[in-house]
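In: No letters, just coordinates:
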């Protein structure tokens, strides 16, 4: 039987960084670390929205990235 242990989690925000020469959207990524394992999606999104207010870029996407160790 396999087991898993939580290692860490982070929020990855994607911002609109304007258009390139071909008219495609450029993206800027920013990661915020030390996210709790049990953090709910609503709380993560609200936090990302507040952090976005400190900058000038438009928030496009929010991801929660988790790392776990799986062992037997």
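Out: It's in. Note that this is a predicted model, so its numbers are computed, not measured.
In: Report the strands that pair with the longest strand along the chain, each with its relative direction.
Out: Criterion DSSP state E: the longest strand present in the chain is strand 3-19. Here strand 3-19 has these sheet partners by DSSP bridges: strand 25-32 (antiparallel), strand 58-71 (antiparallel).
In: ok, how many other residues are close to residue 48?
Out: Residue 48: 20 surrounding residues under other CB atoms under 10 Å. Placement of C-beta: from N, CA and C, glycine included.
In: That one: what's its closest spatial neighbour, skipping adjacent residues?
Out: Spatial nearest neighbour of residue 48, chain neighbours left out: residue 62 (4.5 Å); criterion: CB to CB, 6 or more residues apart in numbering.
In: Which residue is the nearest non-sequential neighbour of the spatially most central residue of the chain?
Out: For the chain, the residue nearest the mean C-alpha position is residue 12 (1.9 Å; CA atoms, centre = their mean). Spatial nearest neighbour of residue 12, chain neighbours left out: residue 63 (4.4 Å); criterion: CB to CB, 6+ apart.
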